[in-house]
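>>> sequence first, then the predicted structure, then my questions.
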Amino acid sequence: MSFDLQSLRDATARHGRVARILVTEVKGSAPREAGTSMLVWDGGQSGTIGGGRLEWDAARDALSGPWLRKIPLGTALGQCCGGAVTLLCETFEAGDLDNTDAECFARPLPGETAPRPLSITRLLSRHRNGAAPASLTLCDGWIVEPLAQPQKPLWVWGAGHVGRAIVQMMAPLEDWQIHWVDTGAERFPEPLPQRVERIVAQDPAQLVPHLPTYGHHLILTYSHALDLALCHALLERGFASAGLIGSATKWARFRKRLRQLGHSDRSIQHITCPIGDPTLGKAPQAIAVGVTALLLRANSARIETAMDRPA
């Protein structure tokens, strides 16, 4: 878990004053792990720290922060987990984080007024020079959180039923940046999930030569001709993974056409068709579950997924 600076900036720009509730410590059994966070604003929230009553009480008191609380889940809330969590609540407004661009976000805990201690200065120095990995740390009245790393780009081509189901499932995952493409603005739902970029393009395949070669792609459009054009363009450009929605018959025809366009069988096999897990069913939500499971097995170091395997 890490401090998602961009999401917090976006939330303050949209909603004004926003509270961030962070699980800083966990003792025993608890709904979520340390580093989990949620955002709360007047009339809404995003993310979850789990626990039902725990989250309800924290969200209710969020905008009265800042505060730091250690909560025994069993005796205080009657939850069966039986452990204890420490929650940190901080409030932010637009502009508060404009100068926060380092690898870690360090600040005093509520009620602490002393200057940054030497222990924190040394810890940040070790993070910068690679001597110690960045991690959530509480020390001498201060807290240090690593900032979220660049997200893996996921391009979803098509805003139909399957595209919508996949985007709804993937959007809450902080490690992924979703770019959603279709030929008409009216094809997208309103409002879009957070952290999803809508792109309207009359000829989506023309976008492909300008995309990074480490991106992940799901081809789900309403047109077989457009699907084929995207497959062709992606094979020419390169990608981390690519999946195509379709039947065995459709994929057999596409392989033949892609060979005619000059692609080798070895290259073509890097596109997975069908996508998801066929044993789960063909409903959009079932496909979304299978696709998400594959993407979550991605190797973060090499940005490869199980979808790279031949169909």
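Received, thanks. In this text the structure is predicted, and so the values were computed from the model without any measurement.
>>> neighbours around the closest residue to Ala233 other than its chain neighbours, how many?
Using Cβ to Cβ, 6 or more residues apart in numbering and skipping residues adjacent in sequence, the residue nearest Ala233 is Val208, 3.7 Å away. The C-beta positions use only the backbone N, C-alpha and C, and glycine is treated the same way. When neighbours are defined as other Cβ atoms under 10 Å, Val208 has 23 of them.
>>> and Val208, what does it touch?
230, 233-234, 236-237 (Cβ atoms under 8 Å, 6 or more residues apart in numbering).
>>> how does it look with 6 Å?
233-234, 237 (Cβ atoms under 6 Å, 6 or more residues apart in numbering).
>>> quick one: secondary structure of it?
Here Val208 is recorded as helix under DSSP: H, G, I helix; E, B strand; the rest coil.
>>> helices of the chain, residue ranges please.
Along the chain, counting by DSSP state H, helices occupy 5-15, 53-61, 73-77, 118-129, 161-170, 224-237, 248-260, 265-268, 284-296.
>>> before we move on, back to that, tell me the one among the contacts of Val208 nearest to Ala283.
Proximity of the contacts of Val208 to Ala283 (Cβ to Cβ) peaks at Leu234, which lies at 26.3 Å.
>>> what about that closest one, distance to Thr36?
According to Cβ to Cβ, to the nearest Å, Leu234 stands 35 Å off from Thr36.
>>> mind checking which of these two has more residues around it?
Counted by other Cβ under 10 Å, Leu234 and Thr36 do not tie: Leu234 has more neighbours, with 24 against 19.
>>> and the residue nearest to Ala233, how far from Ile271?
Val208 is 13 Å from Ile271, where distance means Cβ to Cβ.
>>> what's the answer for Glu145, then?
If you measure Glu145 against Ile271 using Cβ to Cβ, the figure is 38 Å.
>>> the more surrounded of those two?
More crowded of Glu145 and Ile271, by other Cβ under 10 Å: Ile271, with 27 against 23.
>>> ok, what's across the strand from the more buried one?
Ala242 (DSSP bridges).
>>> so it sits right up against Ser241, yeah?
No - with contacts counted by Cβ atoms under 6 Å, Ile271 stays clear of Ser241, the gap being 8.9 Å.
>>> who's in contact with the residue nearest to the spatial centre of the chain?
Geometric centre of the chain, nearest residue: Glu174, 2.3 Å, by Cα atoms, centre = their mean. By Cβ under 6 Å, 6+ apart, the residues touching Glu174 are Asp4.
>>> low-confidence ranges, the stretch 201-311 of the chain, go.
Scanning the stretch 201-311 of the chain for pLDDT under 70 picks out 298-311.
>>> hmm, back to that, how near is the residue nearest to the centre of the chain to Ser223?
Glu174 is 32 Å from Ser223, by Cβ to Cβ.
>>> cool, and Cys104?
47 Å.
>>> same check on Ser119?
Relative to Ser223, Ser119 is positioned 60 Å away (Cβ to Cβ).
>>> how about residues contacting stretch 109-116?
Taking Cβ under 6 Å, 6+ apart as the rule, stretch 109-116 contacts 66-68, 141, 143.
>>> and the two most separated of these?
The most widely separated members of the contacts of stretch 109-116, counting by Cβ to Cβ, are Trp67 and Gly141 (14.7 Å).
>>> looking at Cys104 and Ser223, which has the bigger crowd around it?
Each of Cys104 and Ser223 has its neighbours counted (other Cβ under 10 Å); Cys104 has more, 20 against 12.
>>> I'd guessed that one sits against Trp142; true?
No - using Cβ under 6 Å, Cys104 makes no contact with Trp142, being 11.1 Å away.
>>> nearest residue to Val40 other than its sequence neighbours?
Leaving aside its sequence neighbours, Val40 sits nearest to Ala62 (Cβ to Cβ, 6+ apart; 3.9 Å).
>>> give me the number of residues near the one you found?
Other residues close to Ala62 by other Cβ under 10 Å number 24.
>>> mind checking how far it is from Ala248?
The gap separating Ala62 from Ala248 is 51 Å, by Cβ to Cβ.
>>> same deal with Val144?
From Val144 to Ala248 the distance is 52 Å (Cβ to Cβ).
>>> higher neighbour count, these two?
Taking other Cβ under 10 Å, Val144 and Ala248 do not tie; Val144 has more neighbours (19 against 10).
>>> what sits against that one?
104, 106, 137.
>>> so what's it bridging to?
In this entry, Val144 is beta-bridged to Ala106, Thr137, by DSSP bridges.
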